[in-house]
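Trainee: Provided below for reference: sequence and predicted model.
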2 protein chains.
Amino acid sequence: MGNVRFHLAMSQDGYIGGIGEQAWPAHMRLLGWVHDLASWRANAGLEGGQVNDDDQVLREATASVGAYVMGRTMFDFGEEPWGDNPPFHAPVFVLTHRPRETVTKEGGTTYTFVVDGIGSAIRQAKEAVGNKDVRIEGGASAAQQALAAGLVDTFELHVIPVLLGGGVRLFDGIGSDSIELERTRVIESPVATHMSYRVLPANGQPPR
Amino acid sequence: MGNVRFHLAMSQDGYIGGIGEQAWPAHMRLLGWVHDLASWRANAGLEGGQVNDDDQVLREATASVGAYVMGRTMFDFGEEPWGDNPPFHAPVFVLTHRPRETVTKEGGTTYTFVVDGIGSAIRQAKEAVGNKDVRIEGGASAAQQALAAGLVDTFELHVIPVLLGGGVRLFDGIGSDSIELERTRVIESPVATHMSYRVLPANGQPPR
């Protein structure tokens, strides 16, 4: 059975994006590092790019992913720039309150609109992937809802060495019960600290 | 000239303490790991304890510290348990709005009450220490005020593998301008990821 996971770039003060006129500068500060990487370029149909630890991390973040779950805000933001041949090449389940027919794009991407919540979206994604993983692509709210519902198996934070001072917080609204984690990997690169965690069962004990 | 620095234990979702009835469990979850360490025990007048990477990190967090700056809430919480021979063995400058005579304790600790803000407290602490460092002991507000005022040179986060879901956030109210950081060290231990940063000048460029 595959895992449900997310991989998100986060400032050291906990933001994965900016609000309003800070949206674009925050996006570039948090995600600018991926645009030079070979795996990102290949996925966008471009040649060349750096092959380094960051590239390997990015490669693994999509390896063995069979379907994506995505919040509506992120989808609305991306639908047009992702174009006719989106970078997912897999089924994408979009959380929304507005029912819409499934959209089939080139290259294996489909957009299926789910109106009955994160649990349903993840269940449908799991049914679509067999033994592969389901990746929660973002944004913050989708990851939060999945964490609060106990539906996340693992996650990776690309911690960027900056304090943004404001924006969209990743870890908000995840409920008031502690969630114990096991840190499974840390990779230090010049641009980020890539921190991987496994979510422990709700009745688990903290490691000693 | 010494540095101004802080070293704080923080959950992966950014909290350095709990509120209300969560205060004690959060404190134990975030700081329980120090109580077995040789350096913590020695400072508390106890023998034995573990000598490991965490112990070394804790040792370095007080090494070459010549004075402490502390918020009023933390001081009020600690004054009684710290007792007649507090664990600081150095001048402590307490941020407060209530003027009070300086208190001299055994073992080299003095409590000086500063009513005119973080800048004044850090300046007085620097004057007291010569070439040694000033450590902002906590709580969150003292660290935030110092960051917002551009007065922090370095900091270390002991990132604990837990999502607390609520509490006192370390990185709040630090202003809306980005603060670029240089990650200087990461130490992975079973109980925490110790992440050290240097604060870059306000006009600095992010590292590439």
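Mentor: The structure has been received and is ready for your questions.

Trainee: To what extent is A:Asp177 buried, counted in neighbours?
Mentor: Using other Cβ atoms under 10 Å in any protein chain shown, A:Asp177 has 12 other residues around it. For every residue, glycine as well, the C-beta is placed using N, CA and C.

Trainee: and it, what pLDDT?
Mentor: A:Asp177 carries a pLDDT value of 91.

Trainee: same thing with the one 10 residues further on?
Mentor: What the model reports for A:Ile187 is a pLDDT of 98.

Trainee: Can you check what angle separates the helix or strand harbouring it from strand B:179-188?
Mentor: In this structure, A:Ile187 sits in strand A:179-188 according to DSSP states H and E. Relative orientation of strand A:179-188 and strand B:179-188, computed by axes from the mean of the first three to the mean of the last three Cα atoms, to 10 degrees: 100 degrees.

Trainee: And the contacts of the next helix or strand after strand A:179-188?
Mentor: Later in the chain than strand A:179-188, the nearest helix or strand by DSSP H and E is strand A:193-199. With contact meaning Cβ atoms under 8 Å, 6 or more residues apart in numbering or on different chains, strand A:193-199 is reached by A:53-54, A:57, A:147, A:150, A:152-159, A:161, A:179-188, B:12, B:159, B:161, B:183, B:186, B:193, B:195.

Trainee: Please repeat the previous calculation with a cut-off of 7 Å.
Mentor: The contact list for strand A:193-199, computed with Cβ atoms under 7 Å, 6 or more residues apart in numbering or on different chains, reads A:57, A:152-159, A:179, A:181-187, B:161, B:183, B:186, B:193, B:195.

Trainee: What subset of the residues you listed is buried?
Mentor: Buried by 16 or more other Cβ atoms under 10 Å in any protein chain shown: A:57, A:152-159, A:179, A:181, A:183, A:186-187, B:161, B:183, B:186, B:193, B:195, out of those.

Trainee: surely A:Gln22 meets A:Gly167?
Mentor: Yes. Assessed by Cβ atoms under 7 Å, A:Gln22 is found in contact with A:Gly167 at 6.3 Å.

Trainee: out of those two, which sits in the busier spot?
Mentor: In this view A:Gln22 and A:Gly167 are compared by other Cβ under 10 Å, and A:Gly167 has more residues nearby, 23 against 19.

Trainee: give the contact list for A:Asn85.
Mentor: A:105-107 are the contacts of A:Asn85 under Cβ under 7 Å, 6+ apart.

Trainee: what about 6 Å?
Mentor: If you count contacts by Cβ atoms under 6 Å, 6 or more residues apart in numbering or on different chains, A:Asn85 has them with A:106-107.

Trainee: would it count as being in a helix?
Mentor: No. The assignment for A:Asn85, made by DSSP: H, G, I helix; E, B strand; the rest coil, is coil rather than a helix.

Trainee: Kindly provide the distance from A:Ala121 to A:Val92.
Mentor: 10 Å (Cβ to Cβ, to the nearest Å).

Trainee: Tell me which of these two has more neighbours.
Mentor: Taking other Cβ under 10 Å, A:Ala121 and A:Val92 do not tie; A:Ala121 has more neighbours (30 against 26).

Trainee: correct me, but the more buried one touches A:Val94?
Mentor: No. Using Cβ atoms under 6 Å as the test, A:Ala121 is too far from A:Val94 to be in contact (7.9 Å).

Trainee: residue contacts, the residue most central in space within chain A?
Mentor: In chain A, the centroid-proximal residue (Cα atoms, centre = their mean) is A:Glu137; its distance is 3.1 Å. For A:Glu137, the contact set (Cβ under 6 Å, 6+ apart) comprises A:68, A:70.

Trainee: what about it, which helix or strand?
Mentor: Element membership of A:Glu137 [criterion: DSSP H and E] is strand A:133-138.

Trainee: That strand: what's the following helix or strand?
Mentor: Reading on from strand A:133-138 to the C-terminus, the next helix or strand found by DSSP H and E is helix A:140-148.

Trainee: tell me the contacts of the closest residue to A:Ile179 other than its chain neighbours?
Mentor: Closest residue to A:Ile179 apart from its sequence neighbours, by Cβ to Cβ, 6 or more residues apart in numbering or on different chains: B:Leu163 at 4.1 Å. Counting by Cβ under 6 Å, 6+ apart, B:Leu163 touches A:179, B:12-13.

Trainee: Mind doing that once more with 10 Å?
Mentor: By Cβ atoms under 10 Å, 6 or more residues apart in numbering or on different chains, the contact set of B:Leu163 is A:147, A:171, A:174-175, A:177-181, A:197, A:199, B:11-15.

Trainee: Filter those residues down to just the buried residues.
Mentor: Among these, those classed as buried by 16+ other Cβ under 10 Å are A:147, A:171, A:174, A:178-181, A:197, A:199, B:11-15.

Trainee: Which one of those residues is nearest to B:Leu37?
Mentor: Ranked by distance to B:Leu37 (Cβ to Cβ), these are led by B:Ser11 at 19.4 Å.
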